[in-house]
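Trainee: predicted coordinates and the sequence they were generated for:
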Amino acid sequence: MSDTPLNEGWFTEVWSPEGSAFSLEVTAKLHEEQSEFQKIEIFETRHWGRLMVLDGCYMVTDRDNFLYHEMMTHPALFTHPDPKKVLVIGGGDCGTLREVLKHPNVEQAWQVEIDERVTRVSEEYFPALCESNGDPRASLLFEDGIAWIKNCEPGDLDVIIVDSTDPVGPAAGLFNREFFGHCLRALGEDGLLVQQSESPLFHTETLIKEMYREMRAAGFKSLQTLPFPQPIYPSGWWSCTMASQGLDVTGFREADAGAKAFETLYYNAGVHKGALALPEFMKGLAE
């Protein structure tokens, strides 16, 4: 990956393994810093609003972040029968936390993000994503999510959402059997784990199938990947993968989703149902 622009006035993320790239026309750089963990940049773009880039990789734009944040949260929370305690690992831009807290039955939500600077920069440049940070149900913790989940009380959580960057650097430990085992221990009997699982087009063979093997080895029995569009990420097509030991994650509270008492831009009961239908080349994942 590279932050080398194709031409002046454009920011490009190059995905070298697949020979592809995506560019956005930028009008200004609003912020740049090197945190303890990564380089953080904020740009103003001509058509996509503000853009956050971490270590040269697109993370969030004003225009399309709702796709990711809604699909990382609402399918999982409408699959669990009664989610009260929710943990978000990562998610420093706070958009996932905001979506979690739209559910009135959620009583406690923790966001455990290793890099506090991502959240503080988001509060300044993406205030709409951070509008629920002051919710009394929310706790923002700036520490290692892997260590936090190891120390979590057994069976204490209903839903764990792993809103991580690509599986490199500090995020590499979020994609293996040991981590999934700690998540399983921390979840209740009907607990549910959901993790961003990259591009179905680019990563089914190299990442998603390996996630299934590791999740099953850790003790998860029901698994389901839900693809969704995400224009700024490699291939423009992204996914999350849900896993549970006791729940059937191929079903959900469809009537509740259809009657949801909050607004979304993408998610609804029909979208959820449609996302459960995998393309032919991915159907073997569930076998």
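Mentor: Good, I have the coordinates.

Trainee: could you measure from residue 34 over to residue 41?
Mentor: 10 Å (C-beta to C-beta, to the nearest Å). In short, each C-beta sits where N, CA and C put it, glycine included.

Trainee: I meant residue 212, not that one.
Mentor: Distance, residue 212 to residue 41, using C-beta to C-beta: 34 Å.

Trainee: and for residue 276?
Mentor: Residue 276 is 36 Å from residue 41, by C-beta to C-beta.

Trainee: more crowded one of those two?
Mentor: A direct count of neighbours by other C-beta atoms under 10 Å for residue 276 and residue 41 places residue 41 higher, at 20 against 17.

Trainee: can you name the residues bridging to the more buried one?
Mentor: residue 32, residue 53 (DSSP bridges).

Trainee: and the pLDDT for it?
Mentor: Per-residue confidence at residue 41 stands at 97 (pLDDT).

Trainee: my guess is it contacts residue 52. True?
Mentor: Yes - the pair residue 41 and residue 52 qualifies as a contact (C-beta atoms under 8 Å) at a distance of 7.3 Å.

Trainee: how about the residue nearest the centre of the chain: what's its closest non-neighbour residue?
Mentor: Centroid check for the chain by C-alpha atoms, centre = their mean gives residue 163 as the closest residue, at 3.3 Å. Distance criterion C-beta to C-beta, 6 or more residues apart in numbering; nearest residue to residue 163, sequence neighbours excluded, is residue 91 at 3.6 Å.

Trainee: can you tell me how far the one you found sits from residue 243?
Mentor: Separation of residue 91 from residue 243 (C-beta to C-beta): 18 Å.

Trainee: got the domain ranges for this protein?
Mentor: 10-61, 65-286 (automatic domain parsing).

Trainee: ranking those domains by burial, who's on top?
Mentor: Most buried of those by mean neighbour count (mean count of other C-beta atoms under 10 Å) is domain 65-286; its value is a mean of 19.

Trainee: how close does residue 114 sit to residue 274?
Mentor: Distance, residue 114 to residue 274, using C-beta to C-beta: 34 Å.

Trainee: again, but for residue 100
Mentor: 22 Å.

Trainee: kindly report the same for residue 214.
Mentor: Remark: distance between residue 214 and residue 274 (C-beta to C-beta) = 27 Å.

Trainee: re earlier: my read: the residue nearest to residue 163 touches residue 161, true?
Mentor: Yes - with contact defined as C-beta under 8 Å, residue 91 counts as touching residue 161 (7.2 Å).

Trainee: quick check: neighbours shared by these two?
Mentor: Residues touching both residue 91 and residue 161 (C-beta atoms under 8 Å, 6 or more residues apart in numbering): there are none.

Trainee: need the longest helix for this structure.
Mentor: Longest helix of the chain, by residue count under DSSP state H: helix 65-79.

Trainee: how near is residue 70 to residue 157?
Mentor: Distance, residue 70 to residue 157, by C-beta to C-beta: 21 Å.

Trainee: for residue 113, same thing?
Mentor: Computed as C-beta to C-beta, the residue 113 to residue 157 distance reads 17 Å.

Trainee: and the strands in the stretch 101-250 of the chain?
Mentor: 108-112, 138-141, 157-163, 187-196, 222-229, 237-244 (DSSP state E, counting those that start in this stretch).

Trainee: quick one: closest of those strands to residue 147.
Mentor: Closest approach to residue 147 among the strands of the stretch 101-250 of the chain (C-beta to C-beta): strand 108-112, 9.1 Å.

Trainee: what residues does the closest one touch?
Mentor: Strand 108-112 is contacted from outside by 84-92, 94, 96-97, 100-101, 135, 137-145, 148-149, using C-beta under 8 Å, 6+ apart.
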